[in-house]
Each structure stands twice: as C-alpha cells, then as structure tokens.
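Trainee: The following block contains a protein sequence and its predicted model.
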Amino acid sequence: MKWLENLNSRIDSRFNPSPKQRKFIMPVTTIASILLVTLLAKFGIINNYIQTIIVTICINIIMSASLNIVNGYMGEFSCGHGGFMATGAYVSSVVSLILFKDGNSITGQALLPEGLALVGFPISILIGGLAAMLVSLIVAIPSFKTRDDYLAIITVAANFIVTTAINNIPLVGASRGLMGMKSVMNSMADVIDVPWILIWGLVFAVLSVLSIYYLMNSTLGKGISAVRYDEISAEIMSVNTNNMKLIAFTFSSFLAGIAGGLFAHLLGFINPSSFGIMKSTESLVMVFLGGMGSLSGSVLSAIVFTILLELLRPAQIWKWVIIPLILILIMEFHPEGIMGSKELPQVFPWLKKLFPANKNQIRPQAQREGGAA
C-alpha cells in the first residue's frame, strides 16, 4: 500500500540510531515500559480492572506464542494446550501454597515464612512450567509417528485426561477447585507494596517472547521449521526430526505451564473446568487470528482477542457466537490472519534499526564485494 510505503520512508529517513545505540534501544525501552506501567498502577492511575486486563493479555500472549511454535513454525496441529496450562496452574499453585500459606488445604502449615514468597513465587511458576513439560513429554514420545488430525486427536485426549485426573484428586479440591493463591500475592505486597502479579505477568510475557524469538532464529529453530516444509527432506539433510518435534512440543508446553501459573495466581481460584477444550480453542483462535508462524502476529492477536472478549462481556453467551463468526470471516476473506507469516520488521522496515546488526549476514556480502573487486 502506498500510504504504508510513504510512512516507512519518512520514519526511515528521520530515525537513524548508531550501532552502539541499537544494542540498548530495545532493552531500555522494555524495562522503562514495565517500570512506567508499574508506577501508574502503584499510584492508582491504572485501576485493578485495567491491571487484570493487562495481565490477561500477557497470559494470552504466552499461550498464543507458545502454541504457534507447534502449529505455526513446526506445522503440526496440537489442540490440547489447555491441559498443559492446567498442569502448570495446579502444580505452581500447590507449590506456592505449601511453601508460603499458613492454613492451606494441603499441609496446613507453610514450610517457609510468607515474606519469602517474593523470591519463591517465580520459582513456583517455573516449577509449574517444568511439570507441564514433563506431561508433554509423556504425550510427545508416543505421538512421534502421528501428524495433522491424528496429533490433534491425541492432544485433545491429553487435555481431557489431565482435567479429568485433576477432577478426581481431593487433595487439590477435585471439582470444587483450589483457592488461596491470592494470599501468596498479598504476602509479596506486604514486603514491597507494588502490584506483583502485574510485574511478573509483564516480565514472563517479555521473556517468553524473547525466548521464542531466539529459539526460532537459532539452528534448532531452523530444524523445527524444516519439519513444517518437508519432513522427509529434512531427515535426508540430517535433521533429527524426532528431536525437533520433542524440543518444540515440550518447550511450547513449558510456556503454557508458566501461563497457567500466572492465570491461577491472578484469579486466586481455579478448577478443572477452567482448562477444558474451550481454553485450548481460545489458544487456537489466537494463533489463526495472528498468523501461522508469526511471533508478532501472536502478540497482536492476543491483545486484540483479549480486548474483544472484554468488549463482548455484556453479550454473555452470545460472545461465543460472535467470536467464532469473526474467525470464520477472517478465514474466508483473510485466511493468513493479521500478519500471515510476516513479522513487524518486514511490514515496517525501519523497525530493523531497533536491533543490533547481524554480523553473520553482513560478512558474506562483504566477502562477495571483496572478491568482485
């Protein structure tokens, strides 16, 4: 589009940071943004409702981007992301309650002082992610020889197995659910009075997006993408496709477990029905809405989808008629989603100046020029 080209050319001509500045633009901007949002929340400029929406967006970014590793970059079709989210939610909740909450329903007494929740909370979230990774490993190994519809059926079955198992464990509340996680967040606020769930939501969302970015731009990431285009050719080119599938599937599930832990501590109450097939469907909708194989698309779709859900909240049950209808229209008229397989720097080339120059890409060109000379 001509207006977009004009906009890019104007910004590109005015925005020209030096190579040294490029190294610090993104880290400084990210940290400054997190600090700004925290200060606005601390002084009440951002109320509790807006804070909840922001954390929900962060959780959905993690869910959408992580599922995109499997469904987008690797080209498989997983439909049971909610089961791995449930694993992370329950395991991280149980760990944080046992360690930091007196009077919890599991051990009765906390094993550690409540003040240590400030340090222990991120550890409990990571433990939940590792538990989700372990469950995904059990699912992934038997499903190596399956693809497409068969993998979808296996992951849906895994989602039902996880939620049904939790539904029959009285120690974690069974169908009644598990509560008390809010008190852990309050313990952290008693030490330093800031909105901790907002801070950790933003931090984990940023770290998740960065980890996916670096994974998919590494040698491992190229191997994962090779499975999508032609698995047989990838094997001929000495790519161990089974290892690539295992890495992609378990890492995706690890991030889903982290999202589940944040979700549990945001609400302070969870039950198995929160992680049914509808939760997995939400993740799928965000992946298709943003674009298969686009990290930028996953982030944008999570933001759009979360805000859309909030706007349609007064419609109650009708929102689940309107949202699928919007998805149908997108698949009909713009099937590649918001971004397709592109990233934002491909749409806005001047954004490339925010990142350090890739020397590995510059050298070959310089060598060719030297050879020609």
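Mentor: Now that the structure is in, tell me what you want to look at. Numbering: from 1, shown residues only.

Trainee: who's in contact with stretch 328-344?
Mentor: Under the contact criterion CB atoms under 8 Å, 6 or more residues apart in numbering, stretch 328-344 has outside partners 72, 288-297, 300-301, 304, 347, 351. For every residue, glycine as well, the C-beta is placed using N, CA and C.

Trainee: Buried residues, that stretch. List them.
Mentor: 330, 336, 337, 338, 339, 340, 342, 343, 344 (16 or more other CB atoms under 10 Å).

Trainee: Output it as CSV, restricted to C-alpha atoms.
Mentor: Taking C-alpha atoms only, stretch 328-344 is exported to CSV below (Å, rounded to 0.1, in the frame of the first residue of the first chain):
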residue,chain,number,x,y,z
ILE,A,328,-15.0,-17.6,10.0
LEU,A,329,-15.0,-14.2,8.3
ILE,A,330,-11.2,-13.9,8.7
MET,A,331,-10.6,-17.4,7.4
GLU,A,332,-12.9,-16.6,4.4
PHE,A,333,-11.5,-13.2,3.4
HIS,A,334,-8.1,-13.0,5.0
PRO,A,335,-7.0,-16.6,5.8
GLU,A,336,-3.4,-15.8,6.5
GLY,A,337,-4.5,-13.9,9.6
ILE,A,338,-3.4,-10.4,10.8
MET,A,339,0.3,-10.9,9.9
GLY,A,340,0.4,-14.0,7.8
SER,A,341,3.9,-15.5,8.2
LYS,A,342,5.5,-12.0,8.4
GLU,A,343,7.0,-10.2,11.3
LEU,A,344,6.6,-6.5,12.1
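
Trainee: one step back: tell me the one among the buried residues of stretch 328-344 nearest to residue 84.
Mentor: Set against residue 84, the nearest of these by CB to CB is residue 337 (22.8 Å).

Trainee: Give me the nearest residue to that closest one, chain neighbours excluded.
Mentor: Spatially, and ignoring its direct neighbours in sequence, residue 337 is nearest to residue 291 (3.6 Å; CB to CB, 6 or more residues apart in numbering).

Trainee: Based on its surroundings, how many neighbours for that neighbour?
Mentor: 25 (other CB atoms under 10 Å).

Trainee: so who does it touch?
Mentor: 72, 297, 298, 301, 336, 337, 338, 339, 340, 341, 342.

Trainee: ok, back up a step: mark which of the contacts of stretch 328-344 are buried, thanks.
Mentor: Counted by 16+ other CB under 10 Å, those give 72, 288-297, 300-301, 304, 351 as buried.

Trainee: Out of those residues, which one has the weakest pLDDT?
Mentor: Among these, residue 351 carries the lowest pLDDT, at 72.

Trainee: Which residue, other than its chain neighbours, is closest to the residue most central in space within the chain?
Mentor: With distances taken as CA atoms, centre = their mean, residue 62 lies nearest the centre of the chain, 1.2 Å away. Distances taken as CB to CB, 6+ apart put residue 259 closest to residue 62, at 4.1 Å, once the chain neighbours are dropped.

Trainee: I'd like the list of the buried ones among the contacts of stretch 328-344 that fall within helices, please.
Mentor: Cross-referencing the buried ones among the contacts of stretch 328-344 against helices under DSSP state H gives 288, 289, 290, 295, 296, 297, 300, 301, 304.

Trainee: Let me have these in a markdown table, adding distance to residue 29 as columns.
Mentor: Shown next, in a markdown table, are those (distance: CB to CB, whole Å):
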| residue | distance to residue 29 |
| --- | --- |
| 288 | 29 |
| 289 | 26 |
| 290 | 22 |
| 295 | 17 |
| 296 | 16 |
| 297 | 21 |
| 300 | 18 |
| 301 | 22 |
| 304 | 22 |
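
Trainee: of the residues you listed, closest to residue 281?
Mentor: Looking across these and measuring by CB to CB, the closest to residue 281 is residue 288, at 10.5 Å.

Trainee: who touches the closest one in this structure?
Mentor: Counting by CB under 8 Å, 6+ apart, residue 288 has contacts 327, 330, 331, 337.

Trainee: again, but for residue 211
Mentor: Residue 211 touches residue 255, counting by CB under 8 Å, 6+ apart.

Trainee: That one is in what secondary structure piece?
Mentor: helix 196-216 (DSSP states H and E).

Trainee: Flag every buried residue along that helix.
Mentor: Quick answer for helix 196-216 (16+ other CB under 10 Å): 196-202, 204-206, 208-209, 212, 215-216.

Trainee: Also stretch 28-41?
Mentor: In stretch 28-41, counting by 16+ other CB under 10 Å, buried: 34, 37, 38, 40, 41.

Trainee: Can you tell me which of those residues lies closest to residue 28?
Mentor: Closest to residue 28, out of all of those and judged by CB to CB, is residue 34, at 11.1 Å.

Trainee: Excluding chain neighbours, what is closest to the closest one?
Mentor: Per CB to CB, 6+ apart, closest to residue 34 is residue 202, 4.9 Å.

Trainee: Now do that neighbour, the pLDDT please.
Mentor: 95.

Trainee: swap in residue 36?
Mentor: For residue 36, pLDDT reads 94.
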